[in-house]
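Trainee: Take a look and give me a structure for this.
(one chain, ligands or ions: 1)
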Amino acid sequence: MGNLLVVGSVAFDSVKTPFGEVSNVLGGSATYFSTSASFFTQVDLIAVVGDDFPNEHLQFLSSRGINLEGLERRPGKTFRWRGEYSYQLNEAQTLETHLNVLETFRPKIPTPFTTPTALFLGNIDPELQLDVLNKVTRPSVVALDTMNFWIDSKRDALWKVLEKIDILIINDGEARALGQDPNLVQVAKTILSRGPKTVIIKRGEYGVLMFHHKGVFGAPAYPLEAVKDPTGAGDTFAGGFMGYLTASGNYSESGLRQAIIFGSVMASFNVEAFSLDRMKRLTREEIDERFRAFKHLTHFDNLS
Ligand code: AMP
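Mentor: Below is the predicted model:
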């Protein structure tokens, strides 16, 4: 089993969907990512929270085996995000972003974290993503996620870090904004020409497309009877994807495809409830069962 290092946000989220509303619940890109990845591999977390962050949340992350040595607690308020989804549930409308302690955060990497097997630069300021990348021995896989907030406000810094990574994991709307083209194939081509060897575009309920020089792979989203809250689906996908990849060490085409399915399986659980509520009671057996159901969903050859 390898060590997966992640940097990203740990947050209080307030979310409204057509199926309910929650305030100041546990969220953040690194929280969803780490929790999801922890089902597959050892996760080392780099993030910051304020002095308002309750022990209960820390205990949950610890209970998942996540190493919190790099989780800094500083005077001030934890990062807060407020978003709303329309009936279609595909894209969040950001209503408020309060960076709070994230605004002055300078990641410190504990020595045991400096030689990771894999690195995930979660949704956070691209300057911080680059800072973390520069502070570790470069692992064989570095993946990155981002969002409109950073594409709009720190485009140049974002391209600078993108040039140094292997896998970009991004949602469709954000990919279009980054590539400045409505066509995802063209967008993927542009991004692939500038550094990353693989681009994974998340398309919400329509699934995922993976582009690289060998071609393209597509996976649907698992069809669910009830989707309550898509918040964190992207990070949970990335956590399953990177967690599986780190544990297997198989970066071949088939290894990447399997990782995509594990990522999709994890995301499918996360959207069944608000915050990390579904992840808190998820078992490895349920993951494996849904992986098999996913295989059946997409299989069409030699059915007997
Ligand atoms: P996802 O739905 O996977 O794209 O990610 C949702 C998570 O991203 C939420 O839990 C938010 O707390 C977090 N988030 C939203 N905006 C930002 C931002 N500008 N920087 C870092 N994290 C953010």
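
Trainee: Which helix or strand contains the residue of the stretch 101-250 of the chain found nearest the ligand?
Mentor: The nearest approach of the stretch 101-250 of the chain to the ligand comes at residue 234, 3.2 Å away (CB to the nearest ligand atom). Every residue, glycine included, has its C-beta placed from N, CA and C. Element membership for residue 234, per DSSP states H and E: helix 233-248.

Trainee: who does that helix touch, helix- and strand-wise?
Mentor: strand 3-7, helix 29-37, strand 118-121, strand 141-145, strand 167-171, strand 198-202, helix 253-270 (3 or more CB pairs under 8 Å, 6 or more residues apart in numbering; DSSP states H and E).

Trainee: mind listing what the spatially most central residue of the chain touches?
Mentor: For the chain, residue 235 is the residue whose C-alpha lies nearest the centre (CA atoms, centre = their mean; 2.2 Å). Counting by CB atoms under 8 Å, 6 or more residues apart in numbering, residue 235 touches 8, 29, 30, 31, 32, 33, 36, 122, 123, 145.

Trainee: would TSV of these with neighbour count and distance to residue 21 be doable?
Mentor: Listed next are the contacts of residue 235 as TSV, based on neighbours: other CB atoms under 10 Å; distance: CB to CB, whole Å:
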residue	neighbour count	distance to residue 21
8	27	24
29	29	21
30	27	24
31	31	20
32	33	19
33	34	24
36	33	24
122	32	25
123	26	23
145	27	26
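
Trainee: Out of those, show me where the pLDDT dips lowest.
Mentor: Within the contacts of residue 235, residue 123 has the lowest pLDDT, namely 91.

Trainee: Hmm, that one is touching residue 145, no?
Mentor: Yes: between residue 123 and residue 145 there is a contact under CB atoms under 8 Å: 5.0 Å.

Trainee: got any residues that touch both of these two?
Mentor: Common neighbours of residue 123 and residue 145 are listed as 8, 29, 235 (criterion: CB under 8 Å, 6+ apart).

Trainee: of all the helices and strands packed on helix 233-248, which gets the most neighbours per residue?
Mentor: helix 29-37 (a mean of 31; mean count of other CB atoms under 10 Å).

Trainee: Render the CA-only coordinates of the helix or strand just after it in PDB, please.
Mentor: Going down the chain from helix 29-37, the next helix or strand is strand 42-49, by DSSP H and E. In PDB, the C-alpha atoms belonging to strand 42-49 read as follows (Å, rounded to 0.1, in the frame of the first residue of the first chain):
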ATOM      1  CA  GLN A  42      -3.000   5.400   3.400                       C
ATOM      2  CA  VAL A  43      -3.900   9.100   3.100                       C
ATOM      3  CA  ASP A  44      -1.700  12.000   4.400                       C
ATOM      4  CA  LEU A  45      -3.600  15.300   4.600                       C
ATOM      5  CA  ILE A  46      -2.300  18.800   4.300                       C
ATOM      6  CA  ALA A  47      -4.900  21.500   5.000                       C
ATOM      7  CA  VAL A  48      -5.900  24.200   7.500                       C
ATOM      8  CA  VAL A  49      -8.900  24.800   9.800                       C
END
